[in-house]
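Chemist: Quick one, structure for this:
(2 chains)
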Amino acid sequence: MATTSPSLAPSRVVPSRRWRRFTKEGGAEILLLIVGLLLVWSIISSIIPNPSRYLPAPLVVFFSSGELIWKGLFPNYVGQTLYRLILGSILGLGVGIPFGVLLGLNRTVSDMFYPIMNFFQSISGIAILPIIVVWWGNSEKTVFTVILYTALFPIAFNVLSGVRSVPRIYVNAMRTLGASNYCIVRDVILPGALPYIATGARLGIGFAWRAVIAGEMLTGRRGLGWWIFTAQDTDHTDQVILGMLMIGCIWILLDRYALRPIEADTIQRWGLVQR
Amino acid sequence: MSTIQELSIAVQRRFGRQRLRRIILGAIPFVTLAFLWYLNTANEWLPPVYIPPFASVWEAIFLLEEECMGFMDALTMGSGCMFTNHVFSSLGRVGLSLLIGLPLGIAFGVVAGMNRRIANALEPLGIFANSISGIAWLPLAIVWFGIGTATTIFILLNTIFWLVFFNTLLGVRSVPRVYENSVRTLGGSRWNVITQVYFPGALPSIVTGIRMSMGFGWRALIAAEMIGGDSGLGFMIFVSASEYKVEEVFLGVLVIALIWMFTDRTMLVPLEKWTIQRWGLVWRPS
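Modeler: Numbering: from 1, shown residues only, chains lettered A, B, ... in the order given. All right, here's what the predicted structure looks like:
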């Protein structure tokens, strides 16, 4: 008896505390909103004619995933899309960061390349997709080029700004102490530019995510974007809605639990407090 | 020699030494790129099917406008003026969506932001809607509205409304309660609080939202026109690409970039700067 009561006590306390925290942070309102939205959705879908074409009920959407998961198609599509996004982003980071650092090191060079990078940044990746399709056809290379292009410019642009924002004094101090160029880049410029690099990476990956979805739709490579597009073609509106919800959820998870924390930590750790 | 020196001094005085230097330096990559493009057409390193000569890109405008009856015909969107029709229909869609989306987004954002409970509930909804906004709605929009103007406007409105709404909400929430309370203490009505406190306080955030929504919206519009449109610049480049008319594709891409750069440079960036300067909150009570 004496051993069980202390183990029971926290289990009785923790849920209520958790519940209080949940309601304090607006959890109850969110729950209410979600339930309300689902209700409105199901009411609308029960009123309109031909709901399976225009707006299938929430349960129908939910159960439409069963068949896809059973066949193993669904994880396959998500995996393909994520693979493209991640590889494209890594490529973008790998090209964009050195590019930005090289351009940012010299003031004349960075003044020179700033406008043209601005110009290319304002051509969205989707707009150049037709050109790339003409060059390479509807291949995997096309999709990757579009992702790389979309991710590269925000990243390179931010790295350039970051490198330029590092105060000259630090570089001069290192030089006075006899540091080599490599040493300055490694110990001063890169850490100083890290907050900007993190911001640029989040921005670039955000653009890249949209580009992946649109690129898959336009070039017909298998993935989430392709899936919702073909589901629309074959009149499977339930799968279209499910795909949309998946796209939203995946992006929120990525943004909330990977990109934003990384950015916040980087800024906290490496952000320049005093200039 | 002395006249050249005088001229250079006069030019430097007129534009400012630093600005002049930046303009000249910034022009170098563009000139190099244009020169490479010229060399490419002259030497045919890459065939014109891949990179068309500049002259044919320029000619594409006139080929597309061949059956145009003149300036008035272009303005009234006569059927012959293909190029200007595409440009106007894209711009018109942006204008219409802004006209509907901005007031709606700002109004909903202010109302939702004033009540903490509603704001709490709607913030995640805003995040969710923003993360699926744009092209992910396209297949569903095509089912609902078919291919055409309605679909593209729906996509654009979706992008604009949610971004403006979300930014307004954040802006209103960031206005310190002290200001509202002081206006109420001085006898201000609820309407006064909205027009004098919340709206001006949220303005910097709203304008940032507008600029963001234009950036995302313009990209989304191009993609929407490619997949679900029947006119517009995106439609033009997509159809031209499938017919291997590369010069029209290049023309379209250049025009898309130039329109965006022009809008961003001459309207949105100055607007944002001015708003932050004029209405940005400098001091916040903790």
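
Chemist: how about B:Val49, secondary structure?
Modeler: At B:Val49 the chain is in coil, as set by DSSP: H, G, I helix; E, B strand; the rest coil.

Chemist: doesn't B:Ala241 make contact with it?
Modeler: No. Counting by CB atoms under 8 Å, B:Val49 sits too far from B:Ala241 to count as a contact (11.6 Å). C-betas here are computed from N, CA, C, even on glycine.

Chemist: Which one's more surrounded, those two?
Modeler: B:Ala241 (21 against 11; other CB atoms under 10 Å in any protein chain shown).

Chemist: Could you report the separation of that one from A:Leu129?
Modeler: 8 Å (CB to CB, to the nearest Å).

Chemist: Ok, B:Ala150 next?
Modeler: In terms of CB to CB, B:Ala150 sits 24 Å off from A:Leu129.

Chemist: Looking at the two, which is more packed in?
Modeler: Ranked by neighbour count (other CB under 10 Å), B:Ala150 and A:Leu129 place A:Leu129 first, with 30 against 14.

Chemist: Got the confidence number for the more buried one?
Modeler: For A:Leu129, the model assigns a pLDDT of 89.

Chemist: how about the nearest residue to it, chain neighbours excluded?
Modeler: A:Val146 (5.3 Å; CB to CB, 6 or more residues apart in numbering or on different chains).

Chemist: so who does the one you found touch?
Modeler: Contact analysis of A:Val146 by CB atoms under 8 Å, 6 or more residues apart in numbering or on different chains lists A:125-126, A:128-129, A:132, A:211, A:215.

Chemist: Within range of chain B, give me the residues from the stretch 51-200 of chain A.
Modeler: Counting by CB under 8 Å from any CB of the partner chain, the residues of the stretch 51-200 of chain A close to chain B are A:53-54, A:108, A:111-116, A:118-119, A:122-124, A:126-131, A:133-135.

Chemist: Run through who's touching the helix or strand that A:Leu31 is a member of.
Modeler: In the assignment (DSSP states H and E), A:Leu31 maps to helix A:27-47. Counting by CB under 8 Å, 6+ apart, helix A:27-47 makes contact with A:22, A:51, A:54-59, B:117-118, B:120-122, B:124-125, all of which sit outside it.

Chemist: How about stretch A:238-257?
Modeler: A:52, A:55-56, A:60-62, A:64-65, A:68, A:78, A:82, A:202, A:205-206, A:209, A:213, A:224-225, A:227-228, A:231-232, B:127-129, B:131-132, B:136-137, B:139-140, B:143.

Chemist: Now that you've got these, can you turn the buried subset into something I can paste into ChimeraX?
Modeler: The buried subset of these, as determined by 16 or more other CB atoms under 10 Å in any protein chain shown, is captured in ChimeraX by this line:
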select /A:55,56,60,61,64,65,68,78,82,202,205,206,209,213,224,225,227,228,231,232 /B:127,128,129,131,132,136,137,139,140,143
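
Chemist: Just the ones of the contacts of stretch A:238-257 in helices?
Modeler: A:52, A:60-62, A:64-65, A:68, A:78, A:82, A:202, A:205-206, A:209, A:213, A:224-225, A:227-228, A:231-232, B:127-129, B:131-132, B:139-140, B:143 (DSSP state H).

Chemist: thinking again about what came up before, okay, and which of the contacts of A:Val146 map to helices?
Modeler: Counting by DSSP H, the members of the contacts of A:Val146 that fall within helices are A:125-126, A:128-129, A:132, A:211, A:215.

Chemist: Excluding residues flanking it in the chain, which one is nearest B:Leu20?
Modeler: B:Gln12 (6.0 Å).
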